[in-house]
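>>> Prediction below, plus the sequence it came from.
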Amino acid sequence: MPAVTWSDVEARARTVPLGPVLRRGGTDDLLLRGLVTDSRRVVPGSLFACVRGASSDGHRHAGAAAAAGAAALLADRPVDVALPVLQVPSVRACLGPLGALLAGDPAAALRLVGVTGSNGKTTTSTLVRGVLEAAGTPTGVVGTLGAAVGRRSRGTALTTPEAPELHELLRWMVDAGARRAVVEASSIALDMGRIDGLRFDVAVFTGFEEDHLDHHGTIEHYWASKARLFGSDRAAAGVVVVDDPWGRRLADQAPVPVTRVGAAEDADVRVLGWRTGAAGTEVLLADDTGGHRVTSRLVGRVHVSNLAAAWATGRVLGVPAEEIAAGLAAVAPPRGRNTVLGGDGRPVVVVDYAHTPRALAAALATARDLRGPGGRVHLVLGARGRRDRYKRQGLGESARAADVVWLTNEGSHGEDPAAIIAELRVGLLGGGAAVRTVPDRRAAISAAVRASGPADVVLVVGRGHETRMLDTTDPRDAVHLDDAEVANTALIAEHGPPAAVAARAERAS
Ligand SMILES: CC(=O)N[C@H]1[C@@H](OP(=O)(O)OP(=O)(O)OC[C@H]2O[C@@H](n3ccc(=O)[nH]c3=O)[C@H](O)[C@@H]2O)O[C@H](CO)[C@@H](O)[C@@H]1O[C@H](C)C(=O)N[C@@H](C)C(=O)N[C@H](CCC(=O)O)C(=O)O
């Protein structure tokens with residue numbers, strides 16, 4: 001990380017117009033390297049920001065930060081630690097501007113695309129990156145699956161990291177040669193100022209439904225957090241999927257020029273038709289340059305609007321149509337987003353991240369598309385503990401569209417797994433689906449695969465790409481559990497290897 005002087009830090013903090021900035025101690029030329037919000041990640045020379053959180057207060061960890069070698073503190077109240085302190089009205093409000101400064105303002109060297117929406121952020125971000133790379137622009141990405149640039153990747157804990165980490169990642173991308181970056185912007189991140197200090201060439205909205213109300217309280221607040229990405233201080237232009245009323249409202253109200261995307265007649269990038277199968281998806285689009293056929297390796301009708309949004313983003317950024325089409329065709333499906341396993345004489349298994357009622361309904365529609373003649377859909381369904389409990393009945397209601405529902409655990413985080421399952425079951429009441437309860441997730445996935453025939457589809461939802469599952473409130477208790485890995489093992493155990501592999505093995509023996 002570049003070294004930054006204490007006087008430059010003070011000057012940047014003064015650009016946040018919230019109130020007085022007081023500097024206590026430290027010479028102007030004191031050098032700082034990196035802004036850190038967690039005392040456990042402090043290295044010698046760090047500026048430690050004391051963030052007040054929901055369960056802890058960074059001011060209480062200032063001593064630990066000093067012991068780890070922090071050179072100075074950013075605080076919003078006096079701290080009894082022998083280090084130079086910059087006292088500001090709100091530490092959180094300074095994280096964006098100071099995170100940018102201490103990372104050497106990497107965003108100035110990048111053109112940015114921000115992607116928000118209840119579902120589809122990861123897929124759309126991956127597609128937009130693919131389009132830009134196909135057009136010859138090295139592009140980084142940061143989101144739910146981590147951060148990536150070129151062939152390198154890094155894990156991240158949050159969809160949108162805290163501002164200092166986000167700017168550090170952008171620095172890493174710039175140093176690796178990136179000229180653009182795609183940033184997934186979660187509503188919580190927008191609300192908490194994690195993307196403060198960034199300005200996007202294009203802000204993309206993939207769609208909206210009730211989610212994260214544990215954090216936002218009301219759907220209106222959730223909506224307003226997402227809409228913030230489309231302010232003229234944040235974005236130069238918007239690409240908005242208008243297939244739901246919230247998208248229409250955003251397109252109508254956004255102060256920036258908006259490209260409307262969707263099936264509606266007034267869409268600027270209009271979806272005229274599509275078809276999807278186990279091998280991929282084809283979408284027919286129309287824009288002001290005429291009709292276009294887009295093919296993709298991504299499976300499922302849920303990706304139709306993601307593909308159209310990525311197309312529109314490419315157009316807004318001036319990428320020629322052929323290069324957008326080539327980019328979209330080349331993108332490999334992101335992990336855990338309608339990942340298709342099996343088939344080839346065995347049941348098809350789809351592993352997906354769907355964890356909201358509408359996303360589940362869409363995933364079930366995809367599962368029905370993939371059935372063979374007379375095939376049934378088996379759904380493996382749970383709900384994460386201690387999060388957005390109000391969604392459980394709605395998930396159960398969406399699940400009625402399956403033929404057989406295998407209710408199971410999805411990581412109870414200290415809640416009673418049986419109580420979570422009971423809440424899902426309420427939504428299933430009155431539906432026609434057969435319901436089985438197998439609390440152990442591995443056993444549930446295996447049982448669903450065992451019960452399926454070659455024309456059936458097993459849909460495993462909720463965790464997608466995740467490989468750790470937690471049943472207590474202590475993160476150290478998390479265990480390895482990869483739904484795709486479990487499904488693959490079960491497919492081989494119950495139905496043998498794919499027909500082609502079996503035939504090769506037979507020829508070889
Ligand atoms: C609601 C929320 O965003 N919470 C985030 C917040 O937690 P918090 O305010 O409770 O922090 P805290 O534990 O009270 O600690 C306060 C401060 O003390 C620091 N600390 C704490 C302990 C210590 O020993 N030393 C120390 O310095 C912490 O690093 C923190 O800076 O700050 C933490 C540190 O950055 C985050 O890890 C934490 O995310 C939690 C884990 C989380 O689950 N967030 C989810 C809800 C989230 O943000 N999700 C969105 C949406 C996902 C999507 O839609 O896909 C996301 O962008 O990921």
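Structure received.

>>> Check the residue sitting nearest the centre point of the chain and give its pLDDT.
Central residue of the chain (C-alpha atoms, centre = their mean): residue 144, 3.5 Å from the mean position. Note on residue 144: pLDDT of 95.

>>> all helices for the stretch 51-200 of the chain, in order.
Along the stretch 51-200 of the chain, counting by DSSP state H, counting those that start in this stretch, helices occupy 62-67, 91-102, 121-134, 163-175, 187-192.

>>> from those, which stretch is densest packed?
Most buried of those, by mean neighbour count (mean count of other C-beta atoms under 10 Å): helix 121-134, with a mean of 27. For glycine as for every other residue, the C-beta is placed from the backbone atoms N, C-alpha and C.

>>> Summarise which helices and strands it is packed against.
Under the contact criterion of 3 or more C-beta pairs under 8 Å, 6 or more residues apart in numbering; DSSP states H and E, helix 121-134 touches strand 111-116, strand 139-143, strand 180-184, helix 303-316, helix 321-330.

>>> Return the residues of the protein in contact with the ligand.
Proximity of the chain to the ligand (C-beta under 6 Å from any ligand atom) is limited to residues 37-40, 51, 53-56, 58, 61, 144, 157-160, 162, 186, 188-189, 192, 215.

>>> Just those: which are in strands?
Judged by DSSP state E, strands contain none of these.

>>> buried subset of those residues?
Among the residues of the chain next to the ligand, those classed as buried by neighbour count (16 or more other C-beta atoms under 10 Å) are 37-39, 51, 58, 61, 144, 158-160, 162, 186, 188-189, 192, 215.

>>> Which pair in these has the greatest spatial separation?
Spanning the widest gap among these are 61 and 144, at 27.3 Å by C-beta to C-beta.

>>> rank the helices of the stretch 51-200 of the chain by pLDDT, which is bottom?
When I compare these, helix 187-192 is least confident, with a mean of 93.

>>> Contacts for that helix, please.
Outside helix 187-192, the residues within contact range by C-beta atoms under 8 Å, 6 or more residues apart in numbering are 92, 116, 158-160, 195, 211-212, 215-216, 221-222, 225-226, 228-229.

>>> and which of those residues is nearest to residue 407?
residue 211 (21.2 Å).

>>> shouldn't residue 309 be in contact with residue 206?
Yes: at 5.9 Å, residue 309 counts as touching residue 206 under the criterion of C-beta atoms under 8 Å.

>>> Find residues that contact each of the two.
Listed as contacting both residue 309 and residue 206 by C-beta under 8 Å, 6+ apart are 120, 124, 241.

>>> which residues sit in contact with the second one?
Contacts for residue 124 were tallied using C-beta under 8 Å, 6+ apart; they are 115, 117, 204, 206, 306, 309-310, 313.

>>> Redo those as CSV? Include distance to residue 425.
Compiled in CSV, the contacts of residue 124 are given as follows (distance: C-beta to C-beta, whole Å):
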residue, distance to residue 425
115, 35
117, 29
204, 37
206, 30
306, 32
309, 35
310, 38
313, 41
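
>>> can you put the residues you listed in a markdown table and add neighbour count and pLDDT?
Compiled in a markdown table, those are given as follows (neighbours: other C-beta atoms under 10 Å; pLDDT from 0 to 100):
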| residue | neighbour count | pLDDT |
| --- | --- | --- |
| 115 | 32 | 98 |
| 117 | 28 | 94 |
| 204 | 34 | 98 |
| 206 | 26 | 96 |
| 306 | 33 | 97 |
| 309 | 28 | 98 |
| 310 | 35 | 98 |
| 313 | 30 | 98 |
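
>>> Count residues in the vicinity of residue 322, would you?
Residue 322 sits with 11 neighbouring residues when counted by other C-beta atoms under 10 Å.

>>> That one and the ligand: what is the separation?
33 Å (C-beta to the nearest ligand atom, to the nearest Å).

>>> residues contacting that residue?
Counted by C-beta under 8 Å, 6+ apart, residue 322 has zero contacts.

>>> Next one, pLDDT for it please.
95.

>>> Quick check: residue 340 touching residue 347?
No: in this structure residue 340 lies outside contact range of residue 347 using C-beta under 8 Å: 11.2 Å.

>>> out of those two, which sits in the busier spot?
Taking neighbours as other C-beta under 10 Å, residue 340 and residue 347 compare with residue 347 leading, 29 against 23.

>>> The closest residue to the more buried one other than its chain neighbours: what's it in contact with?
Once flanking residues are discounted, residue 347 sits nearest to residue 452: 3.8 Å by C-beta to C-beta, 6 or more residues apart in numbering. Neighbour list for residue 452: 347, 376, 378, 458 [criterion: C-beta under 8 Å, 6+ apart].

>>> Check those residues for burial and list the buried ones.
For the contacts of residue 452, buried by 16+ other C-beta under 10 Å: 347, 376, 378, 458.

>>> mind listing what the last one touches?
Shown in contact with residue 458 (C-beta under 8 Å, 6+ apart): 342, 347-350, 378-380, 445, 448-449, 452, 487.
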